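Chemist: Mind folding the following:
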Amino acid sequence: MDIASATVTDGHGFTNTSIAMELKWVADPKHLADRVGRLLRTGDLAQAAALTREAQRRQMRSDGAWNHLMRYAMDKGYPEAAFKFYNDMKKRGQMPTAKTYTVMLQGFANQPQSRLLVKKAESVYRSIFSKQSQVKPNIIHSNAMLGVCQRHGDMDSLWRIAGEMPDEGDGRPDERTYSIILAALQHAARNDVQKMDASQIDQIIARQEKMVIEGKRIWADVVYQWKENGLDFNNQLVNSMAYLLLDGVHDSDFYDIFALYNQTMGIPILVKKPTANINASRRRAEFKLTTEHRAQLQISKMDGAVKPAEDVPFVDENNRPINSNAENNRTEEETLMEEEEMEREDDFESLFEPVVTKSVATEPIAAEAGEQQLPKPDNKDLTMILTACFNMTQGSGQGPDYWDLLTKGPDTLRVQPDEVSSMVYMRLLRQTRSSKIAVQTIREQLLPVRLANGNAFHVALATCRRDRRNKHILVLMSELLDMMRKAWILPDPRVLEGYQNFIETLCDDPQVLMNMDGLGKISKHSTLQSLGKQLVTNLRLKSLATLRPHVIQIHEAIQSGKVGPKTRWEDLKENRYGRPQMNGHICLGIMNEARRVIGETLKPEFSKFVSKAEQKILLADSKMLKPYSDSATIKAIQNKTIYPTREQRVAFDEMQMEFLELGMGWIHKKKKKKQQEKVNELLKPPQLEAEVAPEAKPEVETKPEAETKPEAETKPEVETKLEAETKLEAETKPEAETKPEAETKPEAETKA
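Modeler: Numbering: from 1, shown residues only. Alright, predicted model coming up:
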């Protein structure tokens, strides 16, 4: 079907009479555009096109209706049809509006990669500058055209369009313009690298170096425009430059990211300036070949295969062509104007010098007379910085420092982490084997705001498994699995399986257990062989105690919950609780492994280290788990999906409400303090106010410090002791009430 001809109605028949009758009810261009939009939403393209053409024949203004037709064709993936609608509109005497050009250019930018579309888009863009055009070119059109060049990888056209933009005035480059150019440089380098192989490592490094140099030249112009012409720094522009540097292969490129954020947002540089490391650069170049997705490279095949449909000239209301001059044909000489400049060496030593002298980390981002407001970091910036720490050879150690600065630091820099930034941080901690920090981060920052998803626990457990030489590792893993019960109704099977595998690995190497905490008392008079068996027994008992709540949860879900077939719809419908379902075969594996460990522990050589009370508990657990080894049970469950029971859902919701209130307890305390201050102010006797009026000012000035200090001291307790809410409030309330008075009294006496 030729979608632009709109001759197929798919059953929605119409006649010229029906079109004429419908136009009687269309009073103005807005109603016409709305009617065409409704027809297109129902898929009746033929009637929508016929209605638009008939309205145009009757001299009605129909630019809105034509715009709907072009946008519909672009959204459906038919840029050729949209281009025909565009030409048909002009043939019938309807002049394109500014919105028409925007719809066409943005539509070309959203199509699959093809350089042929760049030529068509440029023909549309050039018509804006025609003398017959009734549209004033603006920066939106230029940015849309640059977006087309970037999307389809045509750097020659991009530089040509960018070079034609004025340095001053309404059409000068803005922050969006520079963001598009930086992204285009990065994508062009990636496309070139995808064409190389493992024998061209040096060429890959050289191509990435060229990309960084070109990006720095653009950034030099950004800084100049910021200082001279008032260009705004925004997060998107800074992210574009950081993303380009992140695609480099040298440690110096990653260091420049920290310098960039220090320049634009005042974030201090916490890493040391790296030295050249060519081996690390070569490894990164090799890694790019193995990780980047290779494109099908159809651009060269598509170039020249089909000639682009030529644009038609403007016509008047009688379909008579309007002659246009050849002034729009730009010469290629201007595009070669800066060829020699690309050859010279650039000095970028001072490129990332701060644009403000004050430290934004300790002072607010000021906007003095004539001074522009600098952007505040957001989660994308936090993610970029953490990724740079991850990639830099000696940068991982400073990752936690940046995380603390940007998530717990001053208000001018503080960022509330999201799922993406928190996962990048967890992977950074896995790289450095920082198991304690990983567990602490989940406990204090991710769990209270419900960001502790399955991936977070999975990566945190992997961090603990890497940190097996840490003597506190068993305690940390037990705490991690305990927190997982607060995050989900049913546990993440990857975490349970990883924990079981880790315990089994430790059992094979009893010597590692000698210095581990959390294994209980060990007999000092045991032989070496007996000591090893006792350590293994205590380890298994601890692991079974840690897994028992999760095993019981799974058992209850299998016995009383919903067991159904695996379907994608059920996964989507039930996914609002984090991970409220488990695969049956994974559940069977976890249950059978737990029963196997119980059987090993109750063997005579190990059971002598187990008390009778513990043996009784283990026998009960083994009896509960025995049916999961039965062939009938395995057949009934292994291909099913397990969902939680109604009781488990209700209990989980109640626990979540209590936990969230406890996690945000410091906010409630702050509100209570303010309310109590208002009450005290209202109850204060009038004569007392008159007596203490001269000394009231010092107290008022020191109140904020007195209020802030107890909060800072009690907040870690609130976040750490998650299961002692009542006790904690009882302990912190006297602090909050008495400590400010104790602190302000010496100041008042001194000033008096």
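
Chemist: Now do the buried residues in stretch 63-79.
Modeler: By 16 or more other Cβ atoms under 10 Å, the buried positions in stretch 63-79 come out as 63-74, 78-79. C-beta: built from backbone N, CA, C; applies to glycine.

Chemist: Quick check: mean pLDDT of it?
Modeler: Confidence for stretch 63-79, expressed as mean pLDDT, is 94.

Chemist: Among the buried residues of stretch 63-79, name the ones in helices.
Modeler: Counting by DSSP state H, the part of the buried residues of stretch 63-79 found in helices is 63-74, 79.

Chemist: quick revisit: include distance to G584 when you put the buried residues of stretch 63-79 into TSV, please.
Modeler: Listed next are the buried residues of stretch 63-79 as TSV, based on distance: Cβ to Cβ, whole Å:
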residue	distance to G584
D63	59
G64	56
A65	56
W66	57
N67	53
H68	50
L69	52
M70	52
R71	47
Y72	46
A73	48
M74	46
Y78	46
P79	48
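
Chemist: for those residues, which one is nearest T546?
Modeler: The shortest approach to T546 among these belongs to M74, at 56.5 Å (Cβ to Cβ).

Chemist: Can you tell me, leaving aside adjacent residues, what's nearest to that closest one?
Modeler: G107 (2.9 Å; Cβ to Cβ, 6 or more residues apart in numbering).

Chemist: In this structure that neighbour contacts Y72, no?
Modeler: No - in this structure G107 lies outside contact range of Y72 using Cβ atoms under 8 Å: 9.8 Å.

Chemist: hey, where'd the helices end up in the stretch 301-450 of the chain?
Modeler: For the stretch 301-450 of the chain, helices defined by DSSP state H, counting those that start in this stretch occupy the ranges 379-391, 399-408, 419-432, 435-441.

Chemist: Settle this for me: E497 is touching M591, isn't it.
Modeler: No - judged on Cβ under 8 Å, E497 makes no contact with M591 at a distance of 11.6 Å.

Chemist: before we move on, back to that, Throw the helices of the stretch 301-450 of the chain into a markdown table and include distance to Q648, thanks.
Modeler: Listed next are these as a markdown table, based on distance: least, Cβ to Cβ, whole Å:
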| stretch | distance to Q648 |
| --- | --- |
| helix 379-391 | 33 |
| helix 399-408 | 32 |
| helix 419-432 | 24 |
| helix 435-441 | 25 |
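
Chemist: could I get the ones you listed as a markdown table with distance to P166 and mean neighbour count?
Modeler: Shown next, in a markdown table, are the helices of the stretch 301-450 of the chain (distance: least, Cβ to Cβ, whole Å; neighbours: other Cβ atoms under 10 Å):
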| stretch | distance to P166 | mean neighbour count |
| --- | --- | --- |
| helix 379-391 | 30 | 23 |
| helix 399-408 | 38 | 20 |
| helix 419-432 | 38 | 21 |
| helix 435-441 | 49 | 23 |
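
Chemist: Output the contacting helices and strands for the helix or strand V238 falls within.
Modeler: Taking DSSP states H and E as the definition, V238 sits inside helix 235-246. If you count contacts as 3 or more Cβ pairs under 8 Å, 6 or more residues apart in numbering; DSSP states H and E, helix 235-246 packs onto helix 175-194, helix 201-229, helix 251-265, helix 379-391.

Chemist: With distance to A162 and mean pLDDT added, can I get those in a markdown table?
Modeler: Shown next, in a markdown table, are the helices and strands packed on helix 235-246 (distance: least, Cβ to Cβ, whole Å; pLDDT from 0 to 100):
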| stretch | distance to A162 | mean pLDDT |
| --- | --- | --- |
| helix 175-194 | 6 | 94 |
| helix 201-229 | 10 | 92 |
| helix 251-265 | 22 | 95 |
| helix 379-391 | 25 | 96 |
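
Chemist: Kindly reformat the ones you listed as JSON lines containing distance to L625.
Modeler: Output for these, formatted as JSON lines (distance: least, Cβ to Cβ, whole Å):
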{"stretch": "helix 175-194", "distance to L625": "52"}
{"stretch": "helix 201-229", "distance to L625": "54"}
{"stretch": "helix 251-265", "distance to L625": "50"}
{"stretch": "helix 379-391", "distance to L625": "41"}
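
Chemist: Identify whichever of those lies nearest to F348.
Modeler: Comparing the helices and strands packed on helix 235-246 by Cβ to Cβ, helix 201-229 comes nearest, at 4.9 Å.

Chemist: so which of the helices and strands packed on helix 235-246 gets nearest T42?
Modeler: Comparing the helices and strands packed on helix 235-246 by Cβ to Cβ, helix 175-194 comes nearest, at 34.9 Å.

Chemist: Would you mind extracting the C-alpha trace of the closest one into PDB?
Modeler: Taking C-alpha atoms only, helix 175-194 is exported to PDB below (Å, rounded to 0.1, in the frame of the first residue of the first chain):
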ATOM      1  CA  GLU A 175      23.000  24.100  25.400                       C
ATOM      2  CA  ARG A 176      20.900  21.600  23.400                       C
ATOM      3  CA  THR A 177      23.000  22.300  20.300                       C
ATOM      4  CA  TYR A 178      26.300  21.400  22.000                       C
ATOM      5  CA  SER A 179      24.700  18.300  23.600                       C
ATOM      6  CA  ILE A 180      23.700  17.000  20.200                       C
ATOM      7  CA  ILE A 181      27.200  17.700  18.700                       C
ATOM      8  CA  LEU A 182      28.900  15.900  21.600                       C
ATOM      9  CA  ALA A 183      26.600  12.900  21.300                       C
ATOM     10  CA  ALA A 184      27.300  12.800  17.600                       C
ATOM     11  CA  LEU A 185      31.000  12.800  18.100                       C
ATOM     12  CA  GLN A 186      30.700   9.800  20.500                       C
ATOM     13  CA  HIS A 187      28.300   7.900  18.200                       C
ATOM     14  CA  ALA A 188      30.600   8.500  15.200                       C
ATOM     15  CA  ALA A 189      33.600   7.100  17.100                       C
ATOM     16  CA  ARG A 190      31.600   4.000  18.100                       C
ATOM     17  CA  ASN A 191      30.500   3.300  14.600                       C
ATOM     18  CA  ASP A 192      34.100   3.500  13.400                       C
ATOM     19  CA  VAL A 193      35.300   1.200  16.200                       C
ATOM     20  CA  GLN A 194      32.600  -1.400  15.400                       C
END
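
Chemist: Report the angle between it and helix 201-229.
Modeler: Computed by axes from the mean of the first three to the mean of the last three Cα atoms, to 10 degrees, the angle separating helix 175-194 from helix 201-229 equals 170 degrees.

Chemist: and helix 175-194, what does it pack onto?
Modeler: Right, helix 175-194 is packed against helix 139-151, helix 155-164, helix 201-229, helix 235-246 by 3+ Cβ pairs under 8 Å, 6+ apart.

Chemist: Mind listing what's buried along it?
Modeler: Buried, per 16+ other Cβ under 10 Å, within helix 175-194: 175-193.

Chemist: on that earlier part again, need the helices and strands packed on helix 175-194 in CSV (columns: distance to D653).
Modeler: Compiled in CSV, the helices and strands packed on helix 175-194 are given as follows (distance: least, Cβ to Cβ, whole Å):
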stretch, distance to D653
helix 139-151, 46
helix 155-164, 53
helix 201-229, 50
helix 235-246, 36
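
Chemist: Next, format the ones you listed as JSON lines and append distance to N538 and mean neighbour count.
Modeler: As requested, those are exported to JSON lines (distance: least, Cβ to Cβ, whole Å; neighbours: other Cβ under 10 Å):
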{"stretch": "helix 139-151", "distance to N538": "61", "mean neighbour count": "23"}
{"stretch": "helix 155-164", "distance to N538": "65", "mean neighbour count": "18"}
{"stretch": "helix 201-229", "distance to N538": "52", "mean neighbour count": "17"}
{"stretch": "helix 235-246", "distance to N538": "47", "mean neighbour count": "23"}
